[in-house]
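Novice: below are the sequence and a predicted model; questions follow.
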Amino acid sequence: EPHEIRGLEYLTTYILHEDKPPFGYELAEDIKFVVGEVDEVVMKDVLTKVSFSKQDSETGEELSGAKLSVLDKDGNVITSWTSTDKPHEITGLEYLATYILHEDEPPVGYERAEDIEFVVGKVDEVVMRDVLTRVFIEKRDKLSREVLANCEIDIIDDETEEIVARITSSEELTLVNLVAGRTYRLHEVEAPEGYTLASEDVTFQAEDGMTATIYDEPLESPAGGETSADDGGVTGYDPSEPQTNDASPLAVIVALLVMSFAGMTSLAVYRRRWARK
């Protein structure tokens, strides 16, 4: 209800000043008035309003898909929302109170930003910028470690089992943008010609600047033998089987001993014959 004051001095100038606004409202400006010239003074308060912008750190474009929250100074969640291609506005926060803008989950392909502390009434816009998470994917020969091209690989979210991307490997590193800290798997869909599919997925936790590598085994080894798809060993040669062209070390020793004994026997017979003469 309006408040009435009686007994103010006639034709004297006074000032209506707001010491503290109601919760959720901004502090109104002072109002001067002269008693006798006005019989009513109206002071109007407006709700506090803060705009929150989630942007790409390089382009400055608005980012959709970020899950954000405003916390009070004790860490209690005041409100939460998911960013769109337009800034988000919140009205009715306490004037001159300190709050925190916190990113619960960044958009796909970006790192989580650090918290931003702000004071309502001192700022009317809070801008949070996200940096892209750069993860490099490569495919290599398991034996030679050479980079392989023309291999189809699925990148799977290890928690949701969602295929977040399908890439074709090249002779250069393939760049993808993933959520930092989230666990993914590399699953080979199609191997390059002359190679077997990778027997196991490669699991990794996304970090900016990291390289995740998946290896394929060639169907034929560099020496021409076939490579086992199970263990990567070379088939067509069994060391436990006797080889026709191999000379056993023991056989060589026995042969030398026999030849030496035969030589000594021949020498002894010759000496006896010579002594008789």
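Specialist: On my side now, so go ahead.
Novice: and residue 211, what does it touch?
Specialist: Residue 211 makes contacts with 135, 136, 137, 138, 173, as judged by Cβ atoms under 8 Å, 6 or more residues apart in numbering. C-beta here means a position set from N, CA and C on the backbone, and glycine is covered the same way.
Novice: could you look up the next helix or strand downstream of the host helix or strand of the fourth one?
Specialist: What that stands for is residue 138. Secondary structure assignment for residue 138, by DSSP states H and E: strand 134-141. Counting by DSSP H and E, the next helix or strand C-terminal to strand 134-141 is strand 152-157.
Novice: ok, that following strand: who's next to it in the sheet?
Specialist: If you go by DSSP bridges, strand 152-157 pairs up with strand 163-168 (antiparallel), strand 183-190 (antiparallel).
Novice: could I get the ones you listed as TSV with mean pLDDT and distance to residue 155?
Specialist: Formatted as TSV, the strands paired with strand 152-157 follow (pLDDT from 0 to 100; distance: least, Cβ to Cβ, whole Å):
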stretch	mean pLDDT	distance to residue 155
strand 163-168	91	4
strand 183-190	94	6
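Novice: before we move on, back to that, which two from the contacts of residue 211 end up farthest apart in space?
Specialist: Greatest spacing in those, by Cβ to Cβ: 135 and 138 (10.7 Å).
Novice: list residues touching both of the two?
Specialist: Contact criterion Cβ under 8 Å, 6+ apart; residues shared by residue 135 and residue 138: 211, 212.
Novice: of the two, who's got more company?
Specialist: For residue 135 and residue 138, the more surrounded residue by other Cβ atoms under 10 Å is residue 135, and the numbers stand at 24 against 20.
Novice: hey, what's the more buried one bridged with?
Specialist: Bridge pairing for residue 135 - DSSP bridges - gives residue 176.
Novice: which residues touch it?
Specialist: With contact set as Cβ under 8 Å, 6+ apart, residue 135 has these partners: 175, 176, 177, 178, 206, 207, 208, 210, 211, 212.
Novice: show me which of those residues are buried.
Specialist: Among the contacts of residue 135, those scoring as buried are 176, 177, 178, 206, 212 (criterion: 16 or more other Cβ atoms under 10 Å).
Novice: mind checking pLDDT for the third one?
Specialist: Among the per-residue scores, residue 178 holds a pLDDT of 86.
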